[in-house]
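no letters, just coordinates:
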């Protein structure tokens, strides 16, 4: 295979074994020839030992011993496959335990989410939950796969009814791009190959959709944001005065000669050079990792942000986020947490729980102020100093935060800035 | 299509460089776990890019089983000299001599598991708070569950069911005294990606990866190289074959495959048509269905 300009697409699959999620992943990997013979032999042996007559493709997605023994997924697992058109990373998230926490994690970097619906059962609570999280995390593309079409006689009516059901409730959600595909993961209909049993379906099979989704616009190319991770000072011959500001561009485009502002100090300068490794380049864009030098010698350190004069983020000490609580220990209002945002760290407190959201009914509850694991709520945060924020809706990288418990060092919450 | 997008290899590279810079920014004394294998060589190459024009700010830590390919050792020493970095060695032989671990016995004896003690001892004695590894999620099912920043408790143990969630690009490396982290910058790379990258960047790798003639014995479905540590049973026979290695580990457990691929181009083409995983030739992973998970829980790479 040649090195080419194929893009990388990250997608998440949410659901349980019952929906046929593992079968679907197994099918995608198998039909795209991404399962190796020794892996297949291993799961054949396990299937046999468990007394199954056919090979259980679901076993392929289980990683830990407990998962194989209990037949469940405990943690996010990552799978990889490549077609001649794209490289794919699947974040396979569990449907049973800690579903919200893991789904949020898998969704945070995804370009697309696959939501599975059992054609016999239609939209259920779990579907609403998955759609809600996909919209909360602003996954740019949603693909609703109505699975097990073989069990409803490949009937167009069954499919159409589910589409209507889904659109009815999803109108309350903030989702941009939704498409529907009738499939049978077990038989392979409309997964990699077009179904012969559903001539009424005019769209593409799932893999073709994944290969052709337009993802170049998923990253914000308008608002230039560059958070400094570290300063490179080689202090060796030829580079005595070199001070390179190293980081990964969160969004937007930077060119040599651009006038920039450093936040929070507000100092201005011009970009002198941009490097990726030894190579000097004229322009750089998200999500490139670069080192940048400026014309003027100003004090810049980790946590600072280099932006353009005419397009700056908000500098706020108090702000609202939609927060997902990730830890067994409930939130302690008023307690201090470490807040991480880009490369910036601040101490922060949860000032107020504004309301909690029931992710099955989307109803708001302003009475219950307790934040437990898997809860989603709108909260007010107060940080020790100003933070350079964008609304999450505009910018997933500069609109997201996590909270770390100072007593345990664990990541306890994920927040999306409301704008 | 807009010209402002990265191809998958550039995106993987950018992600890895981001992670390496986070390690540098968040830890006091990070090192690269260097085995002389292609993955740790790629990580070292990425570190070179991440901190250019400064030199790599990490020492290399080699866990030396004493059962090495001579070619790997030579490659290691040359690279250390070229980069001007410090080399730390955790010695399995020393751990055996000190009575910290017992040598395995029998025909399939290996020092693979013994590396855990040598590694954890080296981490403790050098006060290392982050060990950067070349582990990839596509290698093995337990590794598919790894985080970029993976926490180890004060005993060096991994608790796969209680890992910190990792969201967006926010990596939490906070830890208490005595605990440490493992960082995996090329988590999202596959074997194919690694080879394509080595080819694109023209990265030097040990000659063992290229097809060559070698004396070997057929054992556990692969060609095990002849060495002073190899014990033959009566039915086994040393033959000369044209082989190459897909992964490099201990000389006692790393099996070769028959191959004529003697250039990077040919290797890339060969890997693209492989029907078996690369670790299929590693007898350390064949001991049981969860041998990797068990070793990782105790502190393995």
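Now that the structure is in, tell me what you want to look at. Just so you know, these numbers come straight off a predicted model, no measurement behind them.

helix, strand, or coil at residue A:78?
When classified by DSSP: H, G, I helix; E, B strand; the rest coil, residue A:78 comes out as strand.

repeat for residue B:140
coil.

so for it, what's the nearest residue that isn't a sequence neighbour?
Spatial nearest neighbour of residue B:140, chain neighbours left out: residue B:292 (4.7 Å); criterion: C-beta to C-beta, 6 or more residues apart in numbering or on different chains. C-beta here means a position set from N, CA and C on the backbone, and glycine is covered the same way.

contact partners for the one you found?
B:140-143, B:285, B:300 (C-beta atoms under 8 Å, 6 or more residues apart in numbering or on different chains).

rebuild those as TSV, extending it with neighbour count and pLDDT.
Below are the contacts of residue B:292 laid out as TSV (neighbours: other C-beta atoms under 10 Å in any protein chain shown; pLDDT from 0 to 100):
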residue	neighbour count	pLDDT
B:140	21	79
B:141	24	77
B:142	25	80
B:143	22	83
B:285	22	61
B:300	23	78
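
any idea which element the residue nearest to residue B:140 lies in?
helix B:291-298 (DSSP states H and E).

likewise for residue A:104?
Counting by DSSP H and E, residue A:104 is found in helix A:99-107.

quick one: mean pLDDT for that helix?
Per-residue pLDDT over helix A:99-107 has a mean of 85.

can you pull out the helices in chain B?
Using DSSP state H, the helices of chain B run over B:8-26, B:38-51, B:70-83, B:92-97, B:115-125, B:191-201, B:264-273, B:291-298.

ok, which of these comes nearest residue A:46?
Minimum separation from residue A:46 across these (C-beta to C-beta) falls at helix B:291-298, 14.5 Å.

how is the chain divided into domains?
Here I'm looking at chain A. A:7-212, A:225-308, A:314-417 (automatic domain parsing).

should've been chain B
Taken from automatic domain parsing, chain B resolves into B:8-193+B:289-298, B:205-285.

related to what we said a few turns ago, comparing the helices of chain B by mean pLDDT, which bottoms out?
When I compare the helices of chain B, helix B:291-298 is least confident, with a mean of 77.

before we move on, the earlier item: distance check, the residue nearest to residue B:140 against residue B:39.
15 Å (C-beta to C-beta, to the nearest Å).

quick one: buried residues of the helix holding residue B:292?
B:291-293, B:295-297 (16 or more other C-beta atoms under 10 Å in any protein chain shown).

what is the nearest of the residues you listed to chain A?
residue B:293 (5.9 Å; C-beta to the nearest C-beta).

which phi and psi does the closest residue to the closest one other than its chain neighbours have?
Nearest residue to residue B:293 in three dimensions, chain neighbours excluded: residue B:142, at 3.7 Å (C-beta to C-beta, 6+ apart). Phi and psi for residue B:142, reported as degrees, to the nearest 10, are phi -70, psi -30.

would you mind measuring from residue B:142 to residue B:181?
For residue B:142, the distance to residue B:181 - C-beta to C-beta - is 18 Å.

what residues does the stretch 51-200 of chain B have near chain A?
B:51-55, B:137-138, B:141-142, B:144-145, B:160-161, B:163-170, B:172, B:174-176, B:187-188, B:190, B:192-193, B:196, B:199-200 (C-beta under 8 Å from any C-beta of the partner chain).

now, of those residues, which are buried?
Using 16+ other C-beta under 10 Å as the burial test, those include B:51-54, B:137-138, B:141-142, B:144-145, B:160, B:163-170, B:172, B:174-175, B:187-188, B:190, B:192-193, B:196, B:199 as buried.

please name the bridge partners of residue B:30.
residue B:130 (DSSP bridges).

ok, now which ones touch it?
Counting by C-beta under 8 Å, 6+ apart, residue B:30 has contacts B:23-24, B:58, B:128-132, B:183.

got those as JSON lines, with neighbour count columns?
JSON lines is the format used below for the contacts of residue B:30 (neighbours: other C-beta atoms under 10 Å in any protein chain shown):
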{"residue": "B:23", "neighbour count": "28"}
{"residue": "B:24", "neighbour count": "21"}
{"residue": "B:58", "neighbour count": "28"}
{"residue": "B:128", "neighbour count": "23"}
{"residue": "B:129", "neighbour count": "20"}
{"residue": "B:130", "neighbour count": "25"}
{"residue": "B:131", "neighbour count": "27"}
{"residue": "B:132", "neighbour count": "29"}
{"residue": "B:183", "neighbour count": "26"}
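
closest to chain A out of the residues you listed?
residue B:24 (5.7 Å).

give me the distance between the closest one and residue B:115.
Taking C-beta to C-beta, one finds residue B:24 at 25 Å from residue B:115.

so residue A:372 touches residue A:324, yeah?
No: using C-beta atoms under 8 Å, residue A:372 is not in contact with residue A:324; the gap is 11.2 Å.

pLDDT score assigned to residue 243?
Since no chain was named, I'll use chain A. Value for residue A:243, per-residue pLDDT: 95.

switch to chain B, please.
The score at residue B:243 is 91. That number is its pLDDT.

number of nearby residues for the closest residue in space to it that isn't next to it in sequence?
Spatial nearest neighbour of residue B:243, excluding adjacent residues (C-beta to C-beta, 6+ apart): residue B:256 at 3.6 Å. Neighbours of residue B:256 under the rule other C-beta atoms under 10 Å in any protein chain shown: 22.

reformat the contacts of residue B:292 as CSV; add distance to residue A:413.
What follows is those, written out as CSV (distance: C-beta to C-beta, whole Å):
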residue, distance to residue A:413
B:140, 31
B:141, 30
B:142, 28
B:143, 27
B:285, 37
B:300, 31
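
which of the residues you listed lies closest to chain A?
Nearest to chain A, judged by C-beta to the nearest C-beta, of the contacts of residue B:292 is residue B:141 at 4.2 Å.

how far away is residue A:233 from residue A:244?
To residue A:244, residue A:233 is 8 Å away according to C-beta to C-beta.

more neighbours, those two?
More crowded of residue A:233 and residue A:244, by other C-beta under 10 Å: residue A:244, with 24 against 14.

so who does that one touch?
A:231-233, A:275, A:291-293, B:53.

you'd agree residue A:318 is up against residue A:350?
No: Residue A:318 is beyond contact range of residue A:350, at 11.5 Å (criterion: C-beta under 8 Å).

could you pull out the strands in the stretch 151-300 of chain B for me?
Ranges of strands within the stretch 151-300 of chain B are B:180-183, B:212-219, B:222-225, B:239-245, B:256-258, based on DSSP state E, counting those that start in this stretch.

for residue B:167, list the residues it contacts.
The contact partners of residue B:167, by C-beta under 8 Å, 6+ apart, come to A:104-105, A:108-109, A:400, A:402, A:411, A:414.

could you find the closest non-adjacent residue to it?
Using C-beta to C-beta, 6+ apart, the closest residue to residue B:167 is residue A:108 (4.2 Å).

would you confirm that the one you found contacts residue A:401?
No: here residue A:108 lies out of contact with residue A:401, judged by C-beta under 8 Å, at a distance of 11.6 Å.

give me the common contacts of the two.
residue A:414.

so which of these two has more stuff around it?
The residue with more neighbours, out of residue A:108 and residue A:401, is residue A:401; 28 against 25, by other C-beta under 10 Å.

list the residues that contact that one.
For residue A:401, counting by C-beta under 8 Å, 6+ apart, the contacting residues are A:321, A:339-341, A:381, A:387, A:414-415, A:417, B:170.

would CSV of the residues you listed with pLDDT be doable?
Formatted as CSV, those follow (pLDDT from 0 to 100):
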residue, pLDDT
A:321, 98
A:339, 98
A:340, 98
A:341, 98
A:381, 96
A:387, 96
A:414, 96
A:415, 97
A:417, 98
B:170, 97
